[in-house]
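Colleague: The following block contains a protein sequence and its predicted model.
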Amino acid sequence: MMPFDNMGVSTMSDYDRNVTTAPFGQTMGRAGATVAVDEGLRAYMLRIYNYMVLGLAITGAAALGTYMLSVTTDPTVAALKLRDGLMLTALGKALFVSPLKWVVIFAPLALVFLLSFAIERMRPATAQIVFWIYAALVGISLASIFMVFTHTSIVRVFFITAASFGALSLWGYTTQRDLTGMGSFLLMGLFGVILASIVNIFMASSMLQFIISVVGVLVFAGLTAWDTQRLKTEYLYGAMDGETAERSSIIGALSLYLNFINLFTLLLQLLGQREE
């Protein structure tokens, strides 16, 4: 492998030779094209992150709102005792105890498959609306974490997730290493985690949940970096008009959003402090 210094000298030599021998107009044209690509890429990635953050905000608001409507300390309106000092309202009982809980659990999964497979035929405005609805449904399904884990530990794990996600995404964006080869292994791991999670809904095994959480954190950490590099590459080497770029940014935001949400919930299983 060529030493770093030699690589730097070689690159600078080529740059000097190109600048010296190329006509002024061609040199300026190449520089202008590079600047245009850089600005376009930054705008594209910023749009993806903005969609993702807005989706997370909707999820958080829906989760907190659903939780507040689902619990009470007033015995006169309580439908079911949750623990000392906290009871479920009729809405909380319907969402988290009655058979409707299966709809709450699986509705987001059904909608994300719809969005993934049908987005190419959707107008960008329609895709946005479906994404916001999906984020709200995820929030409703996540409301139960406020009943299981202490609020302090939820906030702590959220910030740990945000810091980890930011570092992984930044690495995926800036690294010169080709992460394409990781994709097939990560996707296989993802399907394994999904299947094991569905099985554990019925088994309720704490040991299996621990294994799922550890493997899942590794899988979604890798997917965060891989997806970020993939989105960057798709922009650089794909021809995107305005509508195509908008749809692509929504589906890109969805992939990063899913990585964040799954990292958060899995880290919460490992690091969260449960209510007593």
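Modeller: Great, that's in hand.

Colleague: burial count for Val157?
Modeller: 23 (other C-beta atoms under 10 Å). All C-beta atoms are positioned from the backbone trio N, CA, C, and that covers glycine.

Colleague: That one and Gly85: what is the separation?
Modeller: 24 Å (C-beta to C-beta, to the nearest Å).

Colleague: With Ala136 instead?
Modeller: For Ala136, the distance to Gly85 - C-beta to C-beta - is 29 Å.

Colleague: quick one: which of these two has more around it?
Modeller: Ala136 (19 against 7).

Colleague: Contacts only, for the more buried one.
Modeller: Ala136 makes contacts with Ile58, Thr59, Ala62, as judged by C-beta atoms under 8 Å, 6 or more residues apart in numbering.

Colleague: same deal with Ser249?
Modeller: Tyr44, Arg47, Ile48, Tyr51.

Colleague: Which other helices and strands does the helix or strand containing the first one contact?
Modeller: Right, Tyr44. Here Tyr44 sits within helix 24-70, counting by DSSP states H and E. In this structure, helix 24-70 packs against helix 90-96, helix 124-142, helix 145-148, helix 206-237, helix 242-271, with contacts taken as 3 or more C-beta pairs under 8 Å, 6 or more residues apart in numbering; DSSP states H and E.

Colleague: of these, which approaches Pro75 most closely?
Modeller: The stretch from the helices and strands packed on helix 24-70 with the least distance to Pro75 (C-beta to C-beta) is helix 90-96; that distance is 13.4 Å.

Colleague: Mind putting the contacts of Ser249 into a markdown table with neighbour count?
Modeller: Shown next, in a markdown table, are the contacts of Ser249 (neighbours: other C-beta atoms under 10 Å):
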| residue | neighbour count |
| --- | --- |
| Tyr44 | 20 |
| Arg47 | 17 |
| Ile48 | 25 |
| Tyr51 | 24 |
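
Colleague: how about JSON lines for these, with pLDDT and distance to Leu223 added?
Modeller: Output for those, formatted as JSON lines (pLDDT from 0 to 100; distance: C-beta to C-beta, whole Å):
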{"residue": "Tyr44", "pLDDT": "90", "distance to Leu223": "20"}
{"residue": "Arg47", "pLDDT": "93", "distance to Leu223": "20"}
{"residue": "Ile48", "pLDDT": "95", "distance to Leu223": "15"}
{"residue": "Tyr51", "pLDDT": "95", "distance to Leu223": "17"}
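
Colleague: got the CA coordinates for stretch 123-142 in PDB?
Modeller: Output of stretch 123-142 as PDB, limited to C-alpha atoms (Å, rounded to 0.1, in the frame of the first residue of the first chain):
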ATOM      1  CA  ARG A 123     -46.600  12.100  -5.400                       C
ATOM      2  CA  PRO A 124     -44.100  13.600  -3.000                       C
ATOM      3  CA  ALA A 125     -46.900  15.300  -1.000                       C
ATOM      4  CA  THR A 126     -48.700  12.000  -0.600                       C
ATOM      5  CA  ALA A 127     -45.500  10.300   0.500                       C
ATOM      6  CA  GLN A 128     -44.900  13.000   3.100                       C
ATOM      7  CA  ILE A 129     -48.400  12.600   4.500                       C
ATOM      8  CA  VAL A 130     -48.000   8.800   4.700                       C
ATOM      9  CA  PHE A 131     -44.600   9.200   6.400                       C
ATOM     10  CA  TRP A 132     -46.200  11.600   9.100                       C
ATOM     11  CA  ILE A 133     -49.000   9.100   9.700                       C
ATOM     12  CA  TYR A 134     -46.500   6.300  10.100                       C
ATOM     13  CA  ALA A 135     -44.500   8.400  12.500                       C
ATOM     14  CA  ALA A 136     -47.600   9.100  14.600                       C
ATOM     15  CA  LEU A 137     -48.600   5.400  14.600                       C
ATOM     16  CA  VAL A 138     -45.100   4.500  15.800                       C
ATOM     17  CA  GLY A 139     -45.500   7.100  18.600                       C
ATOM     18  CA  ILE A 140     -48.800   5.500  19.700                       C
ATOM     19  CA  SER A 141     -47.100   2.100  19.800                       C
ATOM     20  CA  LEU A 142     -44.200   3.500  21.800                       C
END
